[in-house]
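*Asks:* Kindly generate the corresponding structure for this input.
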Amino acid sequence: MKELLAGLPWWVKWVAIPLIAVLVFGGLIASAVVMLVGLLFKVLVFVALVGGLIYVVRKFTSSSSSSSRSDW
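*Replies:* Okay, the predicted model is just below:
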């Protein structure tokens, strides 16, 4: 492989080959990035909902009488 690339100009190795790779695999790369961003968004929504639920439950249980909390 090194002998094959050794005789080529620098712009073929560093510009043309990466451009061809992006053209061929661009859809695959884009779909992977979209999937990762969507997964990250879903994780953030999950964390926000669980945090909100914990906040509401603690707010509700702290407003009730302390004797009912000691029964648990």
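
*Asks:* so is residue 8 in a helix, a strand, or just coil?
*Replies:* Per DSSP: H, G, I helix; E, B strand; the rest coil, the local secondary structure of residue 8 is coil.

*Asks:* tell me the pLDDT at it?
*Replies:* Per-residue pLDDT puts residue 8 at 91.

*Asks:* what do you get for residue 4?
*Replies:* In this model, residue 4 is scored at 83, pLDDT.

*Asks:* any idea which element it lies in?
*Replies:* Using DSSP states H and E, the secondary-structure element containing residue 4 is helix 2-6.

*Asks:* same deal with residue 55?
*Replies:* Mapping residue 55 onto the secondary structure by DSSP H and E places it in helix 17-63.

*Asks:* How far does that helix sit from its chain's centre?
*Replies:* 5 Å (C-alpha atoms, centre = their mean, to the nearest Å).

*Asks:* Against which helices or strands is it packed?
*Replies:* Counting contacts by 3 or more C-beta pairs under 8 Å, 6 or more residues apart in numbering; DSSP states H and E, helix 17-63 is packed against no other helix or strand. The C-beta positions use only the backbone N, C-alpha and C, and glycine is treated the same way.
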